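Asks: need a 3D model of the following:
(2 chains)
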Amino acid sequence: MAAYQWVPRMRDYTSEKQQEACVRETTDYHPLKPMTVTVTESKAKKTGGKAETEFVDPLSSSLDGTDPLSMFAAEHVVTDPLSTAPKRDRAESGSKAKPGKKSSLDESFEPWSTKKANILSKYTTSERLSITTSFLSPSDREKVAVKTQVQTTMTDKVKNRLEQLDDFEEGSVKEMLNLSQQDYVNRIEELNQALISAWEQDQRVKALKIAIQCSKLLVDISVIQFYPSKFVLITDILDTFGNLVYERIRQKSAYFPPGSKVPQMLPEDFTPDQVPDSAKETCRNWFYKIASIRELIPRLYVETAILRCYSFLTSGEYSQALLRLSNMMRGIGDPLVAVYARTYLCRVGILVAPEVHDHVAINLYDFLATYKQLQSDSVQNILAVQQLEMAQYLHLYTPALDWILQCVAHRASEDTMTEVLEHCKKQCNSALLLNSIMSAFKPDYIASRALKFVDTIRDCEEAGFPKHELYASLGANMVLADPPEEQRLQTLNEVWKVVMKLKNPANYIACAEVWIEYPCKHFTKREVNTILGDIIKHMVPDRAFEDFYPQLQSIVTKVLSHMHDFAVLFSMDKFLPFIDMFQKESVKVEVCKTVMETFTSGARPGALYTAGYKKRVQQDTTSDPVIMNALMFICKTMHDSVNALTLEDEKRAISNLICGFIRRISFGRDFEQQLSFYVEARATFSNLEPVLIELVQRVNQLSMETHKVVKGNHSRKTAAFVRACAAYSFITIPSINNIFSQLNLYLVSGQVALVNGALTQGDAFLKAAIGLLPEVPRTIQVDGKVRSTEPLLAEYINNFVSNLLVVPDNPDQGVLYLIRGLLNVLQNYTWEDNSDAKVRSYLSVTCLLSAMSQENYLYHVNKVDSNDRLYGSDPKFLNEVQQIANTLITEILEQLKHLQQQEALRRQSALALEFFTKMVVHGDVGPGKMGSLAVNLWNLAQKHGYGDTKVMVRTLEHLKKRGTQQDGKEYAELAAKLPLQSRT
Amino acid sequence: MALDIRLKKVNKIYYEGELVSGVVVIQSKGDMQHQGVNLSMEGSVNLQLSAKSVGVFEAFYNSLKPIQLVSYAVELVKPGKLPSGKTEIPFEVPLKPKGHNKVLYETYHGVFVNIQYLLRAEVKRSLLNKDLTKQSEIILEYRDSKEKAVAKPVPFTITPDSLQNIKEKSQIPRFVVKGKLDSSVCCLSRPLTGELVVESSESPIRSIELQLVRVETCGCAEGYARDATEIQNIQIGEGDVCRGLTLPIYMIFPRLFTCPTLITSNFKVEFEVNVVIVLQNDHLITENFPLKLTRI
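Replies: Below is the predicted model:
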């Protein structure tokens, strides 16, 4: 093999740079600026104060906040129809919601759909339920029965009996007993399906009957604690029914506009005179049919369900109908059934006619009038039979009352509330009602009468509904709206006097959880501290806190969300003892995480970022020893919770938090103390790799800060400090497991050492990196997937090699000691079979060697003499370089030869082309030098037809262009010799 | 082959003297031979004796002869051929009583008395094919009436003492139910209204209902038969209703099954409403109120 010689091209970087530099134009505006004018200004204001000390990244400042992509994305979110559509309730979107009228309900009105979910999850039962209906076909039941073995026994229990209620011709009415709650829900869903399918098959009477039977289920209060959920399920069916009827009549009333054959639907806001007679007749028939329903409750429910159809008959019927129905509700004897029926009426009422309000008040006052029934014997009997506490029973009223009161309170004035309150006081003054009032009316109204409410709560009859819940509700209002200045303290005192005396820790903590926010908002740390202390006092006996971790956690979150200043936070002597109450490891870590999140993110936890407004709370770094020690302790708790079983995500989250903490600690110019903090941190957080990595980076940054402060001229003292930093990094890096992190850190640390003039240390880092290379495994796991390390390694080597250019040779070692070391490692590394990575890295080294042969290197490190200065282009040095290069191209050509087999030809071609391009750029291709080799490589690349024609064409064009340039003669000659295979 | 009568008025409600107009629609797949298309209008009062008052045997055989009110017949199409497809034949029939001294009564569907007005279309065909017939009922309402609904409030108080027809007065639980009907003379198109208050009741209440009752009287050879039957029962109170709370009395009069109170020489149709209070122990307390129903 005739030895080819590598001839590096001599380059004049300065003139090349001038040649290639783009023509610059002066401009007076930033291309991205026009759309961000206002923001940049405000940003500038913000940063203006610190401008001297802080480096403002011009890119980030002009882009921050309003870069066009994120703006577009934000816009997208708002208008995304998919994301908004599902929010609407199925039933409501169908028919109840008249777009025009719905808009008159503002956001403060909590829609039924959200309540629905709450009710369903809250009111459940393990009792057995029964259902009475004639519309569940036997086949359906068998289908269900097949599903589980248990149910076959249950169907045995299904009792068949004829009901003498109404003569439904569809078979006998059956009562299904002993259904579990889930079964019951399924049955109701079946009924819903039956209704829809009956409707679709034009069996309207059957559909009506199903609706009637469904509403009849609401008469039954046998499993009373499930009643609210049952109500939700069944009213859903009724809504469906109402929609079907409404849509049907609407379709019927499609009319032919004069001169057109296409039927036209009624407009959304039609008037009754637009409705044709036939549709009116149909509508009237529905109402007649429903008016003849024998039983009161089904009649009321079904009429309410189709209430909207009144719009076909007359306008302004709603208010009358609503009033009439409200009055008829009085006939319902059972107070619970009645209040829910009223709820349904109000719910439909507010949808079809939000402007009508009279009936709502009537419903409320009627309920008040019947309130005494709750204490009646019949209710007591029911409770006794079902073994229910009065308090539980009263809770069943809450969703209904809340809804009715919400309707009353909707857009109501303060006078309305006073009036309602007066009524309540006069008629029953019950805790139950007061609670609903507090949740329904605007917090402002309530807060402004804080003391009055406190008095009312004190005076009201408990009657089974626990008072502590009232205090909790009141607290919730106080948090949302500010009570008048002069009432604040007294309110807190009055309330806390009572709360303090609560014996039951569950009740106590429920109140405390709400009220903690109040002093946080309105008072100083002294009050908060007192309350925290009081909570501790209540929670510690009998280790009560063990049962209330969620509440305690929420207290911590609330305190954190209001007390942004950690100095104040930790100066409360009860805060850390409070945290100490979390003795269950997992909870404790959770709490620690919350604290750290607040500290690191600086944003209030739980609060949303409002657009364009990011509240930086703890943005500035701190060196307060109290905060530091406290947080160190908290971080240590988190750190110590990590064990072999900890999930990756958890580890990552904790690591991020600790890193955030480390970043926030700054001693300003006191670099040595900073370093000793990092030392301490390393000792404390030794188990978390990301933290160690962060520490190394911080220390490197510390070095660079020092460098900046001394402006590159290290004094003896700073030089020693920088070396100490290097030493810190050097001993920290080996304890990191991730080999690539190690490699990168070595490289970065080496660079930092070099910049700071610590040559020996820099050398040591690079040597360590080279020494580590053989240990790089062939594959690593990334996110649970096995990946080859080769691309990573190749990338790293390129980076590393380019770094080597500026590293001066160590006088104690031979010439190009590091490069040789690297090459040895590369040679001995077990590369993947079928990969050219090794050769490619050789190519990179060849390029490096070319750069090293120059008289002046492309780049330098300030105040460090690289090899160009060191050797001054000494021929001996150049020779050394030359020799290594020669060895390398021999190796490369050897490899090219190896790739002769059919399956490797493509690789051969690609490699040859790559070699060619590298050679053209970095080598001298003049005649007699490497010209012939270049031509050979070119030919080899397209010999077997695997050459990438496009690339080759472009390469050739490039060469020709170079040929036309100044001293580009050899390129022109080379280009002339290169044939281009056309592939037709 | 389908025959249908389509009236111009969708609600099929007509007044005396009005023209009943519409079309007879015949749909056939091919040409159809027929022996004429006839349309007739019949209005009659059918009286039936109840088994209770005259005995089963007599009731069966001795049903009274219907009283004919209207009877018209007209040939719409002469015998011939109808083209295939849809044929619409318009018609107009005046709704007028048969004799000059007769009056048309309102449509009423009862048990022993039925007042009906029927339109009947018939396509006569040759012997081999069955005749096609289609019947359609029209509803007659008074446009005006001599008697108009005027508010005649009927206050009532029901106590154990006010009850009649009881065996042992001492066993009756104490109760006081007060209320009023807004009027005992009611317009059919408006609901029956009023209010009711359970002021006290020892025994829990199960249900409070309004029972609408028709009282039909048929004159016959042996005098007359008078029968009261329920039309509908509307619950206004469910369960043990709250004491002292005013419950609304509200009932819509069902169509067809009610008509203005009608008293003729041959038969009578009258209405009553019962307020029924059902106690938990199945005791039934009923208070009866005769009603006079009017069209206006």
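Asks: for chain A, what's the nearest residue on the stretch 101-250 of chain B?
Replies: Among all residues of the stretch 101-250 of chain B, B:Gly239 sits closest to chain A, at 2.6 Å; criterion: CB to the nearest CB. Bear in mind the C-beta positions are built from the backbone N, C-alpha and C, glycine included.
Asks: burial count for the closest residue to chain B within the stretch 751-900 of chain A?
Replies: For the stretch 751-900 of chain A and chain B, the shortest gap (CB to the nearest CB) falls at A:Gly784, measuring 62.8 Å. Counted with other CB atoms under 10 Å in any protein chain shown, the neighbours of A:Gly784 add up to 6.
Asks: next, B:Tyr142: secondary structure please.
Replies: Assigned by DSSP: H, G, I helix; E, B strand; the rest coil, the conformation of B:Tyr142 is coil.
Asks: got the contact list for the closest residue to it other than its chain neighbours?
Replies: On the basis of CB to CB, 6 or more residues apart in numbering or on different chains, the spatially nearest residue to B:Tyr142 that is not a chain neighbour turns out to be B:Arg295, at 4.2 Å. Taking CB atoms under 8 Å, 6 or more residues apart in numbering or on different chains as the criterion, B:Arg295 is in contact with B:106, B:141-145, B:187-189, B:260.
Asks: same deal with B:Val20?
Replies: Contacts for B:Val20 (CB under 8 Å, 6+ apart) come out as B:7, B:14, B:41, B:92-95, B:119, B:138.
Asks: out of those residues, what pair is the most spread apart?
Replies: In terms of CB to CB, those reach their longest pairwise distance at B:Leu7 and B:Pro94, which sit 14.3 Å apart.
Asks: those two: who's more crowded?
Replies: Taking neighbours as other CB under 10 Å, B:Leu7 and B:Pro94 compare with B:Leu7 leading, 16 against 13.
Asks: return the set of residues that bridge with the more buried one.
Replies: B:Leu7 has the following beta-bridge partners by DSSP bridges: B:Gly22.
Asks: okay, it and B:Asp240: tell me how far apart.
Replies: Distance of B:Leu7 to B:Asp240, computed by CB to CB, to the nearest Å: 49 Å.
Asks: list the buried ones in stretch B:151-169?
Replies: Residues of stretch B:151-169 classed as buried: B:154, B:158, B:160 (neighbour count, 16 or more other CB atoms under 10 Å in any protein chain shown).
Asks: could you find the closest non-adjacent residue to the first one?
Replies: Beyond its immediate neighbours in the sequence, the residue positioned closest to B:Val154 (CB to CB, 6+ apart) is B:Leu181, lying 4.3 Å away.
Asks: and chain B, which residues reach chain A?
Replies: When proximity is defined by CB under 8 Å from any CB of the partner chain, chain B lies next to chain A at B:10-11, B:204-205, B:208, B:232-242, B:245-248, B:250-252, B:254-255.
Asks: which among the residues you listed end up buried?
Replies: If you count burial by 16+ other CB under 10 Å, the buried members of the residues of chain B next to chain A come out as B:11, B:204-205, B:208, B:232-242, B:245-248, B:250-252, B:254-255.
Asks: next, count neighbours for the closest residue to B:Ile252 other than its chain neighbours.
Replies: Leaving out its chain neighbours, the residue that sits closest to B:Ile252 by CB to CB, 6+ apart is A:Ala291, at 4.0 Å. The burial count assigned to A:Ala291 is 18, neighbours taken as other CB under 10 Å.
Asks: surely A:Ala291 and A:Arg299 touch.
Replies: Yes. In this structure A:Ala291 lies within contact range of A:Arg299 using CB atoms under 8 Å: 7.3 Å.
Asks: which neighbours do these two share?
Replies: Common neighbours of A:Ala291 and A:Arg299 are listed as B:Ile234 (criterion: CB under 8 Å, 6+ apart).
Asks: tell me which element A:Val786 is part of?
Replies: With secondary structure defined by DSSP states H and E, A:Val786 is part of strand A:785-788.
Asks: could you point out which element follows that strand?
Replies: Scanning forward in sequence from strand A:785-788 by DSSP H and E, the next helix or strand is helix A:790-804.
Asks: check which helix or strand covers residue 282.
Replies: Assuming you mean chain A. Using DSSP H and E, A:Thr282 falls in helix A:277-291.
Asks: elements contacting that helix?
Replies: With contacts defined as 3 or more CB pairs under 8 Å, 6 or more residues apart in numbering or on different chains; DSSP states H and E, the secondary structure elements packing on helix A:277-291 are helix A:227-252, helix A:296-305, helix A:310-313.
Asks: so what touches it?
Replies: A:208, A:245, A:248-249, A:252-253, A:272, A:275, A:299, A:302-303, A:306, A:309, A:312-313, B:10-11, B:234, B:251-252, B:254-255.
Asks: kindly report the same for stretch A:525-538.
Replies: With CB under 8 Å, 6+ apart as the contact definition, stretch A:525-538 has outside contacts at A:492, A:496, A:500, A:505, A:508-509, A:512, A:515-516, A:519-520, A:544, A:552, A:555, A:559, A:563, A:568-569, A:571-575, A:577-578, A:581.
Asks: for the residue found closest to B:Lys29 once you drop the neighbours it is linked to in the chain, give me its contacts.
Replies: In this structure, B:Lys29 finds its nearest non-sequential neighbour in B:Ser84, 6.2 Å apart by CB to CB, 6+ apart. For B:Ser84, the set of contacting residues under the criterion of CB under 8 Å, 6+ apart consists of B:28-32.
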